[in-house]
Structure formats: C-alpha cells, structure tokens
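Participant: sequence and predicted model, in that order:
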Amino acid sequence: MRAVIVLLLLALVVSPALAQTEVDTALVLTVDSSGSIDAEEFRLQKEGIAQAITHARVLDAVRSGPHRRIAIAYAEWGGPGTAQTVVNWHIVSSKETAEEFAAAVITASRSYQSYNAIGDAIDHGVDLLKTCPCKPTRQVIDLSGDNADMRSNRPAPMARDAAVAQRITINALAVLSSGGSGGHPDLVGYYEANVIGGRGAFVIAAKGRDDFVRAMREKMILEVAWDRPANLPQAAQD
C-alpha cells in the first residue's frame, strides 16, 4: 500500500511536465487594434489570420517539423499597458484544429485600444509565451501594424532587445497605405530598425488592408516551416 502511495505522489510531481505538449513553434500573433484601424480594416485583419492559418500551404508548413504541430495565440495591442490576449493558446496540427483557432479569432470581440505602443505589445507577447502549455523548439512574436511606436511604457527597441535575450524572434507585418507607406514615411525600414529581432527575423509588407491576407499567409509559412522556403526574404536569412 505504501509503495502505491509513493508511486501516486511521484505521478503527481511528474505529470505537469509530461502534460506539456512538444511543439515546433510557439507563435503569438499580435494585431494592431488602435484607433487608426477602423471596423472594416480590423475585420480584414482577422479574416486574414483565419484564412492564413487554414490555408493548405500553411498547414503543410505546420506539419513540416519533427513534432508536426505548433502552438498559437492571438493578442490585440494599441495603447500603453492595454495589450490583451484575445484567443489563448491552441495547438494546431490539422485542418480541424486550425479551423477551431480561426473560428475563435473571427468570433472574438474587439478589445479597446488607443495609441500605438509597440514596446508594450512585445512585452505582452513575451509574457504570453511564458504561459504556453507547451515545450516549443522556437518562440516567435508576430507583430502587425500600420504605424511607428508612439506611447510605449518601454520603447520598442528596448522591449525587442529584452525579448531577443530570451531567444525569442520578433517578426513584423507592415500594413502600408495605397500610396506605399503607413503612418510612417518608411514603415518597413522603421520596423527593421526598431521592432524585429532574433534569429531569422524579417518584415513583410502588405500593400493596404486588402493585401493583408496574402502577406499574413506568406509570413506564417516562413514562421512555422521547419525547412525554410527558397524564397525567404533577405532580411530573414541567418
């Protein structure tokens, strides 16, 4: 009887570690929900994520790693200290699990945000990665936005450097206006200098909200593919 009790106690100690699912990538999608994004633009962003995660090429990339699955969460950001986790961690390994995550993103209520605080968004992504019920081979924060950092509690470069020190990669999707820029004269260059960091970090540009679906799909493929595609952007090379 005593031996049985000992075994049960050991099981209680070991089980939390065993319960952690090994995944190839833990990916946090952080989406701009600030005042510069109107309702239609915000809808296009969410639909872009839903269409990307369920796309056949993205699912092929998800299953290309040794564990054949990723963990993914969705957060919205805007003003200082207001970034919110909107859809918590999902394990995606199949079309069905991808569709579950996509549905959760589409049906989630929009959080209230104000001015752009990219540094706070990065810090929130780092904190969210710490809560992942998984054992990832790599950790990635995916930030999309249409303007520069404005009112962060901690400037974006400082938040980025702190994340990179924890072996987290930060990629960015710059949403440009029809004239080729966002709310910054060189948004891609700004993100390259101040936001992205870590192994293989890169920026992809969406030429307006209507191009968000294409850009998010290509970005997600690059982020989760185990063997990097030949057309990987130069900024993403090691």
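Facilitator: Alright, I've got the coordinates.
Participant: the protein: strands as residue ranges?
Facilitator: In the chain, the segments counted as strands under DSSP state E are 21-32, 70-77, 84-92, 134-145, 168-176, 203-207.
Participant: would a markdown table of those strands with mean neighbour count and distance to S64 be doable?
Facilitator: Every C-beta, even on glycine, is put in place using the N, C-alpha and C of the backbone. A markdown table is the format used below for the strands of the chain (neighbours: other C-beta atoms under 10 Å; distance: least, C-beta to C-beta, whole Å):
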| stretch | mean neighbour count | distance to S64 |
| --- | --- | --- |
| strand 21-32 | 24 | 8 |
| strand 70-77 | 26 | 10 |
| strand 84-92 | 19 | 13 |
| strand 134-145 | 23 | 12 |
| strand 168-176 | 25 | 17 |
| strand 203-207 | 21 | 19 |
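Participant: could I get these as TSV with mean pLDDT and distance to L128?
Facilitator: Formatted as TSV, these follow (pLDDT from 0 to 100; distance: least, C-beta to C-beta, whole Å):
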stretch	mean pLDDT	distance to L128
strand 21-32	95	5
strand 70-77	96	6
strand 84-92	96	6
strand 134-145	95	8
strand 168-176	94	11
strand 203-207	92	21
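Participant: quick one: closest of the ones you listed to L59.
Facilitator: L59 lies closest, by C-beta to C-beta, to one member of the strands of the chain: strand 84-92, at 8.2 Å.
Participant: any stretches of the chain with poor pLDDT?
Facilitator: 1-19, 152, 177-183, 209, 227-238 (pLDDT under 70).
Participant: one step back: which stretch among the strands of the chain comes nearest V126?
Facilitator: Of all the strands of the chain, it is strand 168-176 that lies closest to V126, at 6.3 Å by C-beta to C-beta.
Participant: alpha carbons of that closest one, in PDB - could you do that?
Facilitator: What follows is strand 168-176, C-alpha atoms only, in PDB (Å, rounded to 0.1, in the frame of the first residue of the first chain):
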ATOM      1  CA  ILE A 168      12.500  34.900 -28.900                       C
ATOM      2  CA  THR A 169      12.300  36.000 -32.500                       C
ATOM      3  CA  ILE A 170      10.100  39.000 -33.400                       C
ATOM      4  CA  ASN A 171       8.800  39.400 -37.000                       C
ATOM      5  CA  ALA A 172       6.700  42.200 -38.300                       C
ATOM      6  CA  LEU A 173       4.000  42.800 -40.900                       C
ATOM      7  CA  ALA A 174       3.900  46.400 -42.100                       C
ATOM      8  CA  VAL A 175       0.500  47.400 -43.400                       C
ATOM      9  CA  LEU A 176       1.100  50.100 -46.000                       C
END
